[in-house]
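> the sequence isn't on hand, but the structure is:
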């Protein structure tokens, strides 16, 4: 290496002005936050080829790319060094912008000589400081940490701060083999904690543990590896056998499932045939009864027409004799006239026939919706304080004595309501409620978000679709309350929900006829709702009872 004497007689070493990446005199030198200096272009190139921003010398890593500002003082000194070298007549050819090369291991034309070492091949540890194609590392530095070729190791052999660094044979993943706490090589193994540690850790936190040399533990574990491999092969064989058995089971399940599906289709086809046959018989019965009623009505009409003709003729005769004064002739001409009771009798018979037909149709419709019977259980946590729900959730009654139930967001107050435990958000559902001889009740469904506290708007707009009995009238609580014209109050009410169709229908189960249907669009879950209403002066004390569905 060359040493140039400054005019003041002070020696300037080439190493002081050499970039550790390109091994040339600094050009536009920049410094990292850790204090190391490099050519601006060299450091930029190093970072462009690296996955993280770290110092090429000490390997200190930065979360963000540090600002690179040219060190003007160092640049000026480097320039003066080159000038002194030229004026001193140092040998070498110009390089990089006409500067004199001071290192004896440089070549002409400004390009540094690649290390005499080999390029790193697959399986070789590469030099961390080389840019572009990397040379094979000669040593790894524990302190830096990093691996370097011969060219990039020369600073470790001459720079005082680097001479004390510990160099070892090249190794992969060096950073993972360095103790984070003491920055020393992991050379021993702690059997107590099952981890590799450095010797400083062994003398401190692991002092009382079972410590052994890494090489010894490695040999021991390698000797056990064969046995474990054998065990693993056995386990793999067993698992493969088990997997094959499961695959065979899946095939059997699929075949069985396919057979069940085919059988179910056959059963379904037979059921469909029976339903179609029953429907045909029902249509035939209704048609036959309709024809009979029509024939009977036509006969009645003809009889009434004849009777009306006779009545009109007799009326005219009476009108003609009404003004006669001849008593004898009047008495001889006037004949006895007898009225026939065919009209009322025939009309009653026809009415009975029509009523019977309507009853038959209503029974068929009720039987159809009863096929969608669903289990409904009341939720005590939603019941108003004066409502008592049975343990099985099938009954609710009013009790004047307030219960000790705490108020909660789900509980109605002060309205006397209780909801079912499960909401309905799709499909068809049917349930029946025995109201007995109660003088007041409310039944229907309520949407999940319907108001439960304070004043409640008991109509579809408020989230309620209900029927009630109050003051002797059954009413549908639509936007306006609609009285239903009924011959008698129902003792058991059937409720049918078709969620997708947006329909909620009510039936008189005993009379087997339809009461009312709400038509709307449901956008969220709805819950069956019940109210036994107030008990006053010993009246309306019986409970509302959810009963099992018995087909009509």
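Yes, it's here. Model, not experiment: these values are computed from the prediction.

> how near is residue 465 to residue 406?
29 Å (CB to CB, to the nearest Å). From N, CA and C alone the C-beta is placed, and that goes for glycine too.

> which one of the two has more residues nearby?
residue 465 (27 against 8; other CB atoms under 10 Å).

> ok, what's across the strand from that one?
residue 445 (DSSP bridges).

> OK, contacts around it?
Shown in contact with residue 465 (CB atoms under 8 Å, 6 or more residues apart in numbering): 444, 445, 446, 477, 504, 518, 520, 526.

> show me which of those are buried.
Among the contacts of residue 465, those classed as buried by 16 or more other CB atoms under 10 Å are 444, 445, 446, 477, 504, 518, 526.

> residues near residue 384, how many?
Residue 384 has 20 nearby residues by other CB under 10 Å.

> before we move on, what about the one 5 residues further on?
Counted by other CB under 10 Å, the residues lying close to residue 389 total 21.

> name the nearest residue to it, ignoring sequence neighbours.
residue 380 (4.3 Å; CB to CB, 6 or more residues apart in numbering).

> pretty sure the one you found contacts residue 395?
No: judged on CB atoms under 8 Å, residue 380 makes no contact with residue 395 at a distance of 11.3 Å.

> now for those two: what residues contact both?
Common neighbours of residue 380 and residue 395 (CB under 8 Å, 6+ apart) are residue 389.

> JSON lines please, covering the contacts of residue 465 and showing distance to residue 177.
JSON lines is the format used below for these (distance: CB to CB, whole Å):
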{"residue": "444", "distance to residue 177": "75"}
{"residue": "445", "distance to residue 177": "71"}
{"residue": "446", "distance to residue 177": "69"}
{"residue": "477", "distance to residue 177": "80"}
{"residue": "504", "distance to residue 177": "74"}
{"residue": "518", "distance to residue 177": "77"}
{"residue": "520", "distance to residue 177": "73"}
{"residue": "526", "distance to residue 177": "67"}
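
> farthest-apart pair in those, please.
The most widely separated members of the contacts of residue 465, counting by CB to CB, are 477 and 526 (14.7 Å).

> how much space separates the closest residue to residue 426 other than its chain neighbours from residue 411?
Among residues not flanking residue 426 along the chain, residue 499 sits closest, at 5.3 Å (CB to CB, 6+ apart). Going from residue 499 to residue 411 by CB to CB gives 26 Å.

> how about residue 460?
23 Å.

> swap in residue 130?
77 Å.

> residue 170 too?
Taken as CB to CB, the span from residue 170 to residue 411 is 76 Å.

> from one end of stretch 474-490 to the other, what's the distance?
9 Å (CA to CA, to the nearest Å).

> with stretch 413-426 instead?
28 Å.

> in the stretch 251-400 of the chain, which spans are strands?
387-389, 395-398 (DSSP state E, counting those that start in this stretch).

> with mean pLDDT and distance to residue 189 added, can I get the ones you listed in CSV?
Formatted as CSV, those follow (pLDDT from 0 to 100; distance: least, CB to CB, whole Å):
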stretch, mean pLDDT, distance to residue 189
strand 387-389, 94, 68
strand 395-398, 96, 72
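
> centre of the chain versus the top helix by length along the chain, how much separation?
If you go by DSSP state H, the chain has its longest helix at helix 214-321. Distance of helix 214-321 from its chain centroid, counting by CA atoms, centre = their mean, to the nearest Å, is 30 Å.

> just checking, what packs against it?
strand 188-190, helix 342-369 (3 or more CB pairs under 8 Å, 6 or more residues apart in numbering; DSSP states H and E).

> least confident of those, on average?
Averaging pLDDT over each of the helices and strands packed on helix 214-321 singles out helix 342-369 as the lowest, with a mean of 59.

> how far away is residue 120 from residue 154?
Residue 120 is 18 Å from residue 154, by CB to CB.

> at which residues are the helices of the protein located?
40-48, 72-87, 150-158, 160-163, 199-203, 214-321, 327-333, 342-369.

> any chance of JSON lines for those, columns mean neighbour count and distance to residue 33?
Formatted as JSON lines, those follow (neighbours: other CB atoms under 10 Å; distance: least, CB to CB, whole Å):
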{"stretch": "helix 40-48", "mean neighbour count": "17", "distance to residue 33": "12"}
{"stretch": "helix 72-87", "mean neighbour count": "16", "distance to residue 33": "16"}
{"stretch": "helix 150-158", "mean neighbour count": "18", "distance to residue 33": "20"}
{"stretch": "helix 160-163", "mean neighbour count": "12", "distance to residue 33": "17"}
{"stretch": "helix 199-203", "mean neighbour count": "16", "distance to residue 33": "27"}
{"stretch": "helix 214-321", "mean neighbour count": "11", "distance to residue 33": "35"}
{"stretch": "helix 327-333", "mean neighbour count": "10", "distance to residue 33": "142"}
{"stretch": "helix 342-369", "mean neighbour count": "14", "distance to residue 33": "81"}
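
> with distance to residue 61 as extra columns, can I get those in CSV?
Below are these laid out as CSV (distance: least, CB to CB, whole Å):
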stretch, distance to residue 61
helix 40-48, 11
helix 72-87, 24
helix 150-158, 19
helix 160-163, 19
helix 199-203, 23
helix 214-321, 26
helix 327-333, 137
helix 342-369, 74
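
> would you mind listing where the stretch 401-550 of the chain has pLDDT under the threshold?
404-405 (pLDDT under 70).

> need the nearest residue in space to residue 382, chain neighbours excluded.
residue 419 (4.3 Å).

> can you check residue 130 too?
residue 149 (6.3 Å).

> report the contact partners of the one you found.
Contacts of residue 149 by CB under 8 Å, 6+ apart are 115, 117, 127, 129, 130, 134, 135, 136, 137, 138.

> among those residues, which ones are buried?
Looks like the contacts of residue 149 have 115, 127, 129, 130, 134, 135, 136, 137, 138 buried, using 16+ other CB under 10 Å.

> ok, so of those, who is nearest residue 256?
Of the buried ones among the contacts of residue 149, the one sitting nearest to residue 256 (CB to CB) turns out to be residue 134, at 63.2 Å.

> okay, now the closest residue to that closest one other than its chain neighbours: neighbour count?
Counting by CB to CB, 6+ apart, residue 126 is the residue found nearest to residue 134 once chain neighbours are left out, at 3.9 Å. The local packing of residue 126 (other CB under 10 Å) involves 19 other residues.

> and the pLDDT at residue 320?
76.

> repeat for the one 10 residues further on
If you check residue 330, the pLDDT there is 71.

> what's the spacing between it and residue 311?
Residue 330 is 21 Å from residue 311, by CB to CB.

> do residue 304 as well
10 Å.

> for residue 189, same thing?
126 Å.

> repeat for residue 176
In terms of CB to CB, residue 176 sits 120 Å off from residue 311.

> again, but for residue 326
Distance from residue 326 to residue 311, by CB to CB: 26 Å.

> likewise residue 281?
In terms of CB to CB, residue 281 sits 44 Å off from residue 311.

> same question for residue 172.
When residue 172 is compared with residue 311 (using CB to CB), they lie 124 Å apart.

> for the stretch 101-250 of the chain, which spans come out with low pLDDT?
In the stretch 101-250 of the chain, residues with pLDDT under 70: 101-117, 131-132, 159-161.
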